[in-house]
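[1] prediction below, plus the sequence it came from.
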Amino acid sequence: MPSLPPLVEPAAELTRDEVARYSRHVIIPDVGVDGQKRLKNARVLVIGAGGLGSPTLLYLAAAGVGTLGIVDFDVVDESNLQRQIIHGQADVGRPKAQSARDSILAINPLVEVRLHEIRLTADNAVDLFGQYDLIVDGTDNFATRYLVNDAAVLAGKPYVWGSIYRFEGQVSVFWEDAPDGRGLNYRDLYPEPPPPGMVPSCAEGGVLGILCGSIASVMGTEAIKLLVGIGEPLLGRLMMYDALEMTYRTITIRKDPETPRITGLVDYDEFCGVVSEAAVDAAADATVTPGELRDMLDSGRRIALIDVREPVEWAINHIDGAELVAKSEIDAGDGLARLPLDRTLVLYCKTGVRSAEVLATLKGAGFADAVHLQGGIVAWARQLEPDMVMY
């Protein structure tokens, strides 16, 4: 398919210093002075200065995108440094947006960096998107992905989307108002979010750090192509990358006539359901705090402490006296037979999401007095074992 028209008009001029800085772009016939002027005039909003946002921001800054907006309200954690290369050891504890700004300006002081140290919500997304030409979505949860999509539709903006998990990644471009009848949005690919607990987050399932660079470089490339108006964008195509097999493949995405028209924003946490209704109901009167669990263990009460995480997580840390029966085993049916029937079961995972889902399963299987640990092993460590190794 042909290129889309450039998203932005060219800036009035390039200075002598800018021509020198971007000379390797300017001598590419498809980019040239005109294309570099368009990059200079462009305003790109990147959602998240994390695994995908980090390399994308660095390359867009180096490429000469004139204005970069960063939406991020989080702070740098040591576990981020394995993949979020815009941050360094000295940035641990700093706001990610501020750390990212400093790294961008160290690479290219000609870039204007706008910080939006806020949580993206249904109340602010559309107005914020209206200030930019292109959105880049590097978020890691379904609630924000659907929010970005719907807000981009309402704001009439195209956006580049990417996702990563373990060794695999995906990239596409969505633009409901694209010319020549080519418009589609994220809901044409994924009409509904997956069931709660079905797809682990990177914090639960892990991600190969360098995978972020592979996927983010494609996202940055797509952004530049859209801004300058060159090449064939991934609009209407989904690119899938498998790092272990070292394969790239693309599939066609078509407008789904069944996709409802987006007319407003909704409650995306409720829409995506971080935990299922069954888990919420099961945990309502069957949740213990770390302090209460400590008292149960110290009292000699007959309990069975069950770790429902995966073996690789158990190898990093676990609560003394626990037994590993992974959620995957319980979901498959094999794990139920390993659970003791003569003691009260106390379940825990990393943050309490998976243990709540397992709790619902066990309640349905007749373990009426089972409970789970609020906040998981993260809360346990924070409150009772601050020296525990955490991931």
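    The structure has been received and is ready for your questions.
[2] is Ala337 in a helix, a strand, or coil?
    helix (DSSP: H, G, I helix; E, B strand; the rest coil).
[3] what count of nearby residues applies to it?
    By other CB atoms under 10 Å, the residues close to Ala337 number 8. For the C-beta atoms, the positions are set from N, CA and C on the backbone; glycine is no exception.
[4] wait, what's in contact with it?
    Shown in contact with Ala337 (CB atoms under 8 Å, 6 or more residues apart in numbering): no residues.
[5] how about 10 Å then?
    By CB atoms under 10 Å, 6 or more residues apart in numbering, the contact set of Ala337 is Val325, Glu329.
[6] what helix or strand is Ile210 on?
    Assigned by DSSP states H and E, Ile210 belongs to helix 209-228.
[7] grab the nearest non-local neighbour of Gln84.
    Using CB to CB, 6 or more residues apart in numbering and skipping residues adjacent in sequence, the residue nearest Gln84 is Ser54, 4.5 Å away.
[8] SS state for the nearest residue to Ile70 once chain neighbours are set aside?
    Once flanking residues are discounted, Ile70 sits nearest to Ala97: 4.8 Å by CB to CB, 6+ apart. Following three-state DSSP, the label given to Ala97 is helix.
[9] count the neighbours of the residue nearest to Gln84 for me.
    Neighbour tally, Ser54, other CB under 10 Å: 26.
[10] a helix runs through it, doesn't it?
    Yes. The assignment for Ser54 by three-state DSSP puts it in a helix.
[11] strands of this protein, residue ranges please.
    Per DSSP state E, the chain carries strands over the ranges 43-47, 67-71, 112-116, 134-137, 159-165, 168-174, 237-242, 247-252, 287-288, 303-307, 323-324, 344-348, 371-373.
[12] dump the ones you listed to JSON lines, plus mean neighbour count.
    What follows is these, written out as JSON lines (neighbours: other CB atoms under 10 Å):
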{"stretch": "strand 43-47", "mean neighbour count": "26"}
{"stretch": "strand 67-71", "mean neighbour count": "23"}
{"stretch": "strand 112-116", "mean neighbour count": "16"}
{"stretch": "strand 134-137", "mean neighbour count": "26"}
{"stretch": "strand 159-165", "mean neighbour count": "25"}
{"stretch": "strand 168-174", "mean neighbour count": "24"}
{"stretch": "strand 237-242", "mean neighbour count": "16"}
{"stretch": "strand 247-252", "mean neighbour count": "10"}
{"stretch": "strand 287-288", "mean neighbour count": "18"}
{"stretch": "strand 303-307", "mean neighbour count": "22"}
{"stretch": "strand 323-324", "mean neighbour count": "15"}
{"stretch": "strand 344-348", "mean neighbour count": "24"}
{"stretch": "strand 371-373", "mean neighbour count": "27"}
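[13] how about stretch 82-90: buried residues?
    Within stretch 82-90, the residues that count as buried by 16 or more other CB atoms under 10 Å are Arg83, Gln84, Ile85, Ile86, His87.
[14] brain fart, stretch 95-106
    Under 16+ other CB under 10 Å, the buried positions of stretch 95-106 are Pro95, Lys96, Ala97, Gln98, Ser99, Ala100, Arg101, Ser103, Ile104.
[15] I'd like these laid out as JSON lines, including distance to Leu189 and pLDDT.
    Below are the buried residues of stretch 95-106 laid out as JSON lines (distance: CB to CB, whole Å; pLDDT from 0 to 100):
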{"residue": "Pro95", "distance to Leu189": "32", "pLDDT": "98"}
{"residue": "Lys96", "distance to Leu189": "28", "pLDDT": "98"}
{"residue": "Ala97", "distance to Leu189": "29", "pLDDT": "98"}
{"residue": "Gln98", "distance to Leu189": "34", "pLDDT": "98"}
{"residue": "Ser99", "distance to Leu189": "32", "pLDDT": "98"}
{"residue": "Ala100", "distance to Leu189": "28", "pLDDT": "98"}
{"residue": "Arg101", "distance to Leu189": "32", "pLDDT": "98"}
{"residue": "Ser103", "distance to Leu189": "32", "pLDDT": "98"}
{"residue": "Ile104", "distance to Leu189": "31", "pLDDT": "98"}
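[16] and which of these is nearest to Ala284?
    Each of these was checked against Ala284 using CB to CB; the closest is Lys96, at 34.5 Å.
[17] OK, contacts around the closest one?
    Per CB under 10 Å, 6+ apart, neighbours of Lys96: 48-50, 53-54, 70, 72-77, 80, 84, 86-87, 115, 117.
[18] hang on, Gly51 packs against Ala216?
    Yes. Counting by CB atoms under 10 Å, Gly51 sits close enough to Ala216 to count as a contact (7.8 Å).
[19] what residue lies at the spatial centre of the protein?
    Most central in the chain under CA atoms, centre = their mean is Asp140, positioned 1.2 Å from the mean C-alpha point.
[20] where along the stretch 251-391 of the chain do the helices fall?
    268-272, 277-283, 290-298, 311-314, 327-332, 353-364, 376-383 (DSSP state H, counting those that start in this stretch).
[21] mean pLDDT lowest where, among those?
    Note on the helices of the stretch 251-391 of the chain: lowest mean pLDDT is at helix 268-272, with a mean of 78.
[22] flag every buried residue along that helix.
    In helix 268-272, counting by 16+ other CB under 10 Å, buried: Tyr268, Cys272.
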